[in-house]
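Asks: just coords:
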């Protein structure tokens, strides 16, 4: 198809896609276009690390354009065959969408199950933690009671020893006083004996 454009005042011939495809060359050029587009998409996905969903959407767009061009080429020679291909394509797209929804629902169910399992595991962990803390608290309380009882016993023993020590000190002081008195008496007796001997 040749068209004159006012922008550049030139005639432009569209080689592909042709307005009325009539030869195998149209199919060969379409296949070449599809190969180039697929190759570019694969390269972009590898180099840029594109999102898988975005790559899927772009691939679907490319394949849809290619299929519609095939339908157009077929319809030139047989309208009924082209109409049937369109109907098949629409049914295929609907099936694909249903499969995608089912897959998404299944994925959601799996995520929901994982979430429920995780919540149940967390609940069990909390229960176990609470039980351990309770046992530790009881054990700590018992140990503290035992320590307090032992402390009281030690205090009582210390008080008894202190009392005994005071009594011992008092007895020692009494004995010291007696010893001093005896020493004084001995000194007095010695002085008395000395005076008697001098007479």
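Replies: Everything's here; your move. No experiment lies behind these values; they were computed from the predicted model shown.

Asks: C-alpha only now, for contacts and for neighbours.
Replies: Noted.

Asks: lowest-confidence helix or strand of the protein?
Replies: strand 10-13 (a mean of 54; mean pLDDT, DSSP states H and E).

Asks: for this structure, longest helix please?
Replies: Longest helix in the chain by number of residues (criterion: DSSP state H): helix 79-198.

Asks: now it: average pLDDT?
Replies: Averaging pLDDT along helix 79-198 gives 80.

Asks: what distance separates it from the centre of its chain?
Replies: 29 Å (C-alpha atoms, centre = their mean, to the nearest Å).

Asks: so which elements touch whichever helix or strand comes after the least confident helix or strand of the chain?
Replies: The C-terminal neighbour of strand 10-13 among helices and strands, as given by DSSP states H and E, is helix 24-48. Applying 3 or more C-alpha pairs under 8 Å, 6 or more residues apart in numbering; DSSP states H and E, we find helix 24-48 packed against helix 52-77.

Asks: just give me how far the helix it packs on sits from the chain centre.
Replies: For helix 52-77, the distance to the chain centre is 42 Å (C-alpha atoms, centre = their mean).

Asks: show me what it is packed against.
Replies: helix 24-48, helix 79-198.

Asks: in it, which residues are buried?
Replies: For helix 52-77, a neighbour-count test (16 or more other C-alpha atoms under 10 Å) marks 55, 59, 62, 66-67, 69-75 as buried.

Asks: of these, which is the nearest to residue 189?
Replies: Residue 189 lies nearest to residue 55 out of the buried residues of helix 52-77, by C-alpha to C-alpha, at 129.0 Å.

Asks: from what I see, that closest one and residue 41 are in contact.
Replies: Yes - between residue 55 and residue 41 there is a contact under C-alpha atoms under 8 Å: 7.4 Å.

Asks: list the buried residues of stretch 162-172.
Replies: For stretch 162-172, it's none, nothing buried (16+ other C-alpha under 10 Å).

Asks: now stretch 25-41
Replies: Residues 26-27, 30, 34, 38, 41 are the ones in stretch 25-41 that count as buried (16+ other C-alpha under 10 Å).
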